[in-house]
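what's the 3D shape of this:
(chains A and B)
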Amino acid sequence: MSLGVVALFLAACGGGAAPTPSAPTASTPASKPAASGADSASAKPAASGAASAKPAASGSAVAAASFDGTLLIGAPMSLTGSLNNEGRLAKQGYDLWADVANSKGGINVGGKRYKVEIKYYDDQSKQDQAALLTEKLITQDKVQFLLGPYGTASTFAATAVAEKNKMLMVVGNGAANSIYDRGFKYTFGILSPGVKYMTGVEEAWLAQNPRPEKLAIMAANDAFSLEVAQGAKDGADKNKLPVVYNQSYPPDTKDLSSALNQVKASGADVLIGSGHLEDSLVLMKQVKSLGVNFKGIGLSVGPSTPEFYNALGKDADYVFSGVQWVPEQKSTGPILGSAQDYTDAFNKKFNEVPEYHSADGAAAGVALQLAIEKAGSLDMEKVRATLAALDQDTFYGRIKFDGRGFNVDKPMIEIQIQGKDKLIPVWPEKDAAGKIMWPAPTWDKR
Amino acid sequence: MQILQFVIDGLLLGGVYAAVGVGFALVWGIMNIINLAHGAMIMLGAYVTFWLFKLAGVDPFASIPVAMAMLFILGWLIQRYLINYVVRAPMLITFLMTFGLELLIVDLSLNFFSADNRSVQTFYSGARLDLGGLAIPLVHLYTLMVALVLVTLLQLFLVRTRIGNAIQATSMDLDAARLVGIKISRVYALTFAISAAAAGAAGSLISVNYSINPTAGAFYTPIAFVVCVLGGLGSISGALVGGLMFGVVQSMSQAYIGPAYQNAIAFALLILVLLVRPTGILGVKTAT
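Sure, this is the predicted structure:
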């Protein structure tokens, strides 16, 4: 059984081609700059769309030309600014969904086939821009539905504009409770909630020997990161793990040396960092250069992107993270097929192994498509009603919204980095594909 | 003991800030231009180091002269063929010009370098000195030393060399400088080029200390601004003092009040200094 899971994982890593687990083509150092340059944040969607893959998922592709109309969907997205990397990944998910949907004949609205077209604007990772551009998409571009931007702050602002205009926004990448606690009717989010991000990591740690004794929490002070940190704090309290340091920092910080020296002095032996890729890198580099040793480090966002390992090399090993989705999971459903099908299609189109940001985006698209097709109409209220009532297994797991429009049933999967491109699912135990490496050796011994 | 550690953290951070501020100070002081593209030029310097390291295995500190030379040429060209046309215009015009330049450089970099975060990981990247319980990251220490050398050389150049004197004379009295035969456009081009070279060096240093991406420069332009105002407008040694002071204040507030307040406190300090000593710490009143 577990052998099978490992094999599946290896296959995913190797792009399904040769059985060499270590080198998916996109991530070899030599080819990386050119490859990622071509489909970087600012690359043209038209070009990548044209060159794109056929659906790897089960065949029966309808000849592409015969659409009855175009369904214009809008999305503000962080294509530049501090969240440009995550934004790029989320956009890849949207694009992949649109490609696969179109190659299968588009969205079926009561017998008529509509081609999916996504209109993006760059919100520069700024929430006021996200709000402004959402307004523009609705009033000037006259989009019919909206997909969410990247990140809690932008999503928080953009959904408010969508709500005001009674426009459905399916959120791929905003997981803070604060987004869904405002009684909005037109906001639906497919992620597991932020408070759940690191609690699984804590549970995993507490099951290890030696048991961790003191926890330090450092969070970027944006809404989502603080919520993850609060979830981690509550989880630690519940499990009687003392929290000896709990502070937030500005999200664009480049230096945390003094804070980390304080953590060192506090005697913490496990660290949870709740932030984004850039500050996660700051944290990791300075933890090492200051010689602060932990049995385990858990980071909410960052470790699951290929860049994390590219930037840190072996120093990235032993780090834990919570992810919304892993290619190895067994879930399957309509449109994109199984998690494995999604992985293959993604690999073919972008020459990269997908991680969860893109799957979140693609799942948002799938949810919207399912709701439209079930409603058999493009009428906003009808689509909203079917989306609210949706209960569907997909490649992403179960999608079922609570009264707030939040996909709360879905669990997080905790991973540990155990080598280049080896993000091993380790918790919950039933989904584990490998053993936890514990405790992490001190920096001197690596 | 703890407090000593935080002072050291701050000084090491301040070394980076000083390197960031020194080129900015030069252009501001001599040409009265607030160069909003300074951060973007720092980022370019960082990429020179990154690519040399990645493609040819050149040690990041050894690549500093290369980054400086390349940025020197770029700076010269930018001044000669762009800024020279608006250098005497009101500040708003040069402001807009350098702002546009910043956008251009960042966008081109996004295209050519991709938005990925990069990092120069040398074998000594995480190494540190342990001095009786004090942790001193080696790379940060080297960075501070290079910043000190940079500031000293620049200061010597301005004070001791004929060209340096010409540059200073130009900033003191433009008409008099012209009367004694100084070619203003050449002095300006040289000044801007030197400033760009300093940005290149700062970029090299940043690429070893932190991860970089094409938008990373935007963080450093405001830092350069604060460092210059703190230290005293246009003063080279002021940039050093301003940088070190800013670093120490940030590090102290990070440790004792909480990292969330580090920026608020550092900027409050800026306002305080401006109230008490409007010319900055090392600044002198100049007749203009």
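
my read is A:Pro76 is in a helix, agree?
No - assigned with DSSP: H, G, I helix; E, B strand; the rest coil, A:Pro76 falls outside any helix and is strand.

What separation do you get for it and B:Phe246?
35 Å (C-beta to C-beta, to the nearest Å). C-beta here means a position set from N, CA and C on the backbone, and glycine is covered the same way.

Name the helix or strand for A:Tyr245, please.
Taking DSSP states H and E as the definition, one finds A:Tyr245 inside strand A:243-249.

is chain B contacted by that strand?
Yes - against chain B, strand A:243-249 shows contacts by C-beta under 8 Å from any C-beta of the partner chain at A:247-249.

got a markdown table for those residues, with neighbour count and pLDDT too?
Output for the residues of strand A:243-249 next to chain B, formatted as a markdown table (neighbours: other C-beta atoms under 10 Å in any protein chain shown; pLDDT from 0 to 100):
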| residue | neighbour count | pLDDT |
| --- | --- | --- |
| A:Gln247 | 20 | 95 |
| A:Ser248 | 21 | 95 |
| A:Tyr249 | 26 | 94 |
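
Include distance to A:Gly174 when you put those into CSV, please.
Listed next are the residues of strand A:243-249 next to chain B as CSV, based on distance: C-beta to C-beta, whole Å:
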residue, distance to A:Gly174
A:Gln247, 24
A:Ser248, 19
A:Tyr249, 21
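
Chain B: which of these is nearest?
The shortest gap between chain B and any of those belongs to A:Tyr249, at 3.6 Å (C-beta to the nearest C-beta).

Beta-bridge partners for the closest one, please?
With DSSP bridges as the criterion, A:Tyr249 is bridged to A:Ala220.

Would you agree it is in contact with B:Tyr261?
No - A:Tyr249 is not in contact with B:Tyr261 according to C-beta atoms under 8 Å; the separation is 9.4 Å.

List the residues that contact the spatially closest residue to A:Lys264 that is not a sequence neighbour.
The spatial neighbour of A:Lys264 that comes closest, neighbours along the chain excluded (C-beta to C-beta, 6 or more residues apart in numbering or on different chains), is A:Val292 at 4.6 Å. Taking C-beta atoms under 8 Å, 6 or more residues apart in numbering or on different chains as the definition of contact, the neighbours of A:Val292 are A:260-261, A:263-264.

Can you lay out these as CSV showing distance to A:Lys214 and secondary structure?
Formatted as CSV, those follow (distance: C-beta to C-beta, whole Å; DSSP: H, G, I helix; E, B strand; the rest coil):
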residue, distance to A:Lys214, secondary structure
A:Leu260, 15, helix
A:Asn261, 16, helix
A:Val263, 10, helix
A:Lys264, 12, helix
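
Go through those and give me the one with the most neighbours.
A:Leu260 (27 neighbours; other C-beta atoms under 10 Å in any protein chain shown).

and residue 244, how many neighbours?
I'll assume chain A. There are 16 residues near A:Val244, going by other C-beta under 10 Å.

please go with chain B instead
24.

Do I have it right that it meets B:Leu11?
Yes - counting by C-beta under 8 Å, B:Leu244 does reach B:Leu11; the two are 5.8 Å apart.

tell me the domain ranges of chain A?
Domain segmentation of chain A under automatic domain parsing yields A:2-194+A:327-400, A:196-325+A:413-445.
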